[in-house]
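Enquirer: Here is my input, please return the structure:
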Amino acid sequence: MRVVLYSTSKKNNSTLIPNGGVTLDGVTLKTATSTLTPTLLLSTAQNFFSEPVTAVNIDGKYYFVTNIRSVKQNLWELSCEIDVLATYKSEILENTCLIEFDESVNVNIADTRLPVVKDVGRAGTIASMREIMREGGTFLLGVNGQGSVTTFAFNNMDTITNITDSIGDWADNLFNGVELSVDGICDAVVRGFKQFATAGSANSNIRSCIWIPWAINTVAVKPVIVGNYDTGYTGYTVTARCAVHNFTIKIPWQFGDWRDSNPYTTVYLYIPYVGFLSYSADELHGINSLTIQFSIDQITGAVSAVVKAGEYIIGAYGGSSAISIPIGISNITPQQVVGSIASGVAATALGGIWGFNAGTLNALASFVNPLQTTVGSFGNGSGALQPEAIACYVYTHDIPDTPTSYGSVIGTPTYKVKKLSDLSGYVKTGNASVSVEGATYSEIAKINSLLNGGVYIE
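Expert: Numbers count the residues shown, from 1 in each chain. As a prediction, the model looks like this:
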């Protein structure tokens with residue numbers, strides 16, 4: 001029997017066909033041997049094993065040499081195992097299979113075989129909001145005047161303080177020179193009428209006083225009237241309840257491939273006065289930037305943010321940018337004036353001075369109720385010093401090496417149906433079931449097993 005001996009570095013899962021080799025005649029098969037794992041007996045005085053013999057060709061079939069043993073002088077025994085990939089290469093490559101991994105470039109399918117490193121990478125971009133903010137912020141004073149509530153915008157607290165002081169001065173001057181005939185109740189009468197005439201106190205006609213960081217551009221000049229009292233000051237009234245601004249911020253993707261997804265990448269968005277938001281990178285695949293529609297209630301300081309990825313809304317959030325300013329409050333209503341201060345002879349004196357009796361005063365007091373001022377605390381002022389920009393961050397966990405570095409060794413995810421003859425290099429199939437003419441059942445099972453484990457088409 002004629003055989004060809006080869007010395008090659010061929011992989012055991014490669015379709016490479018050995019070339020060259022040394023041809024020998026007179027080789028026999030050991031009795032009771034298998035065609036899949038034959039044993040050859042080589043009788044020769046010539047030493048053919050000065051170099052490693054790794055493969056043989058027997059009648060057109062290729063075998064790996066698994067062991068070489070010297071039986072006796074000039075008699076050698078070679079143990080072999082069929083190389084189905086080389087033997088049936090052309091037939092195998094004519095099959096079409098589901099290709100799980102090959103060496104084609106992959107950017108979209110995550111390779112979950114690879115470990116994720118613990119180290120965290122961080123990158124960020126910002127979109128400035130400074131153009132809608134005002135250095136020093138804006139003070140909003142809501143006052144009850146002439147039957148309606150008006151909100152005035154001021155650049156500082158000085159004007160607001162002057163307004164409240166002027167109301168107090170007016171109330172004091174109102175009673176200058178008043179002489180009361182009833183001894184001992186002068187102070188009570190003055191306090192009572194000051195409460196009633198000014199609806200409780202100066203600040204009882206102040207509905208709210210807050211600070212916001214935003215610039216107010218939609219305003220009109222108007223006199224500041226508190227209750228029915230013209231303070232003599234003018235202010236900028238807020239003419240538009242809501243201001244809407246749009247911002248676009250780039251997502252700082254770091255990889256440009258499947259690693260821009262979970263669990264390798266997480267996207268965070270910080271919006272001032274709203275919070276720190278987290279998004280799944282999978283949901284933002286193919287999106288390079290986010291649009292934030294930022295709305296401001298220019299009366300209360302409430303804010304809302306609608307976040308869009310392309311034309312789709314991915315989140316809607318609310319918050320508050322307002323800080324309440326405590327400028328004082330009176331909880332004494334006209335009813336309390338009548339019920340406590342104006343009792344007995346004091347009530348008679350009040351009725352006598354103003355030309356109506358205590359019963360009439362009670363009737364008026366029943367519908368004259370001052371607006372309670374919003375009282376805040378600088379405890380919520382900690383939110384004032386927030387960054388003046390929207391920020392987008394990506395936190396990343398990489399794999400040990402670049403995805404392309406694995407292609408020639410273990411392939412990259414593909415999961416497409418392809419013809420094997422169109423491929424080269426590393427290929428791994430899924431549930432291969434090939435048709436190979438001339439191969440035995442055992443050989444076909446071995447071919448399927450090798451393809452499903454990964455082979456090199458060479």
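Enquirer: from the chain's centre, how far out does stretch 90-97 sit?
Expert: 46 Å (C-alpha atoms, centre = their mean, to the nearest Å).
Enquirer: Let me know the average pLDDT across that stretch.
Expert: Averaging pLDDT along stretch 90-97 gives 97.
Enquirer: how about it: buried residues?
Expert: By neighbour count on 16 or more other C-beta atoms under 10 Å, the buried set for stretch 90-97 is 92, 95, 97. C-betas here are computed from N, CA, C, even on glycine.
Enquirer: Looking at those, which is nearest residue 441?
Expert: Nearest to residue 441 among those, counting by C-beta to C-beta, is residue 92 at 15.5 Å.
Enquirer: for residue 278, what are its contacts?
Expert: The contact partners of residue 278, taken as C-beta atoms under 8 Å, 6 or more residues apart in numbering, are 266-269.
Enquirer: can I assume residue 160 sits in a strand?
Expert: No. According to DSSP: H, G, I helix; E, B strand; the rest coil, residue 160 belongs to no strand; its state is helix.
Enquirer: was I right about it contacting residue 153?
Expert: No. Under the criterion of C-beta atoms under 8 Å, residue 160 makes no contact with residue 153, lying 10.7 Å away.
Enquirer: Tell me who's in contact with the residue nearest to residue 152 when sequence neighbours are not counted.
Expert: Closest residue to residue 152 apart from its sequence neighbours, by C-beta to C-beta, 6 or more residues apart in numbering: residue 235 at 3.5 Å. By C-beta under 8 Å, 6+ apart, the contact set of residue 235 is 141, 152-154, 159, 221-224.
Enquirer: what helix or strand does residue 235 sit in?
Expert: Following DSSP states H and E, one finds residue 235 within strand 229-238.
Enquirer: List the neighbouring strands of that strand plus their orientation.
Expert: In the sheet, strand 229-238 lines up against strand 148-154 (antiparallel), strand 219-226 (antiparallel) (DSSP bridges).
Enquirer: can I get those strands in CSV with mean neighbour count?
Expert: As requested, the strands paired with strand 229-238 are exported to CSV (neighbours: other C-beta atoms under 10 Å):
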stretch, mean neighbour count
strand 148-154, 18
strand 219-226, 16
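Enquirer: all helices for the stretch 101-250 of the chain, in order.
Expert: According to DSSP state H, counting those that start in this stretch, the stretch 101-250 of the chain carries its helices in the segments 157-174, 186-197.
Enquirer: least reliable of the ones you listed going by mean pLDDT?
Expert: Sorting the helices of the stretch 101-250 of the chain by mean pLDDT places helix 186-197 lowest, at a mean of 49.
Enquirer: ok so, going back, overlap of the contact sets of residue 160 and residue 153?
Expert: Common neighbours of residue 160 and residue 153 (C-beta under 8 Å, 6+ apart) are residue 139.
Enquirer: Near residue 63, how many other residues are there?
Expert: When counting by other C-beta atoms under 10 Å, one arrives at 25 neighbours for residue 63.
Enquirer: In space, what's closest to it - neighbours in sequence excluded?
Expert: Using C-beta to C-beta, 6+ apart and skipping the chain neighbours, the partner closest in space to residue 63 is residue 80 (3.9 Å).
Enquirer: Quick one: list the elements packing against the host helix or strand of the one you found.
Expert: Using DSSP H and E, residue 80 falls within strand 75-82. Packing partners of strand 75-82 (3 or more C-beta pairs under 8 Å, 6 or more residues apart in numbering; DSSP states H and E): strand 39-43, strand 55-58, strand 61-72.
Enquirer: May I see the buried residues of the second one?
Expert: By neighbour count, and taking 16+ other C-beta under 10 Å as the criterion, the buried residues in strand 55-58 are 55-58.
Enquirer: just curious, which of those residues is nearest to residue 75?
Expert: Among the buried residues of strand 55-58, and counting by C-beta to C-beta, the member closest to residue 75 is residue 56, at 16.8 Å.
Enquirer: Generate a ChimeraX selection restricted to the buried subset of the contacts of residue 278.
Expert: Buried residues within these, by 16+ other C-beta under 10 Å, are selected in ChimeraX with:
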select :266,267,269
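Enquirer: Secondary structure for the contacts of residue 278 - can I get that in JSON lines?
Expert: Output for the contacts of residue 278, formatted as JSON lines (three-state DSSP):
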{"residue": "266", "secondary structure": "strand"}
{"residue": "267", "secondary structure": "strand"}
{"residue": "268", "secondary structure": "strand"}
{"residue": "269", "secondary structure": "strand"}
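Enquirer: hey, what's the residue lying closest to residue 42 once chain neighbours are set aside bridged with?
Expert: Among residues not flanking residue 42 along the chain, residue 76 sits closest, at 4.3 Å (C-beta to C-beta, 6+ apart). Counting by DSSP bridges, residue 76 is bridged to residue 42, residue 70.
Enquirer: Residue 76: neighbour count?
Expert: Neighbourhood size, residue 76 [other C-beta under 10 Å]: 19.
Enquirer: any idea how far residue 44 is from it?
Expert: For residue 76, the distance to residue 44 equals 7 Å [C-beta to C-beta, to the nearest Å].
Enquirer: which residues touch the spatially most central residue of the chain?
Expert: The centre of the chain sits closest to residue 279, judged by C-alpha atoms, centre = their mean, with a distance of 2.7 Å. Residue 279 sits next to 266-269, 314-315 when contact means C-beta under 8 Å, 6+ apart.
Enquirer: Could you do residue 435 as well?
Expert: By C-beta under 8 Å, 6+ apart, residue 435 lies in contact with 91, 95.
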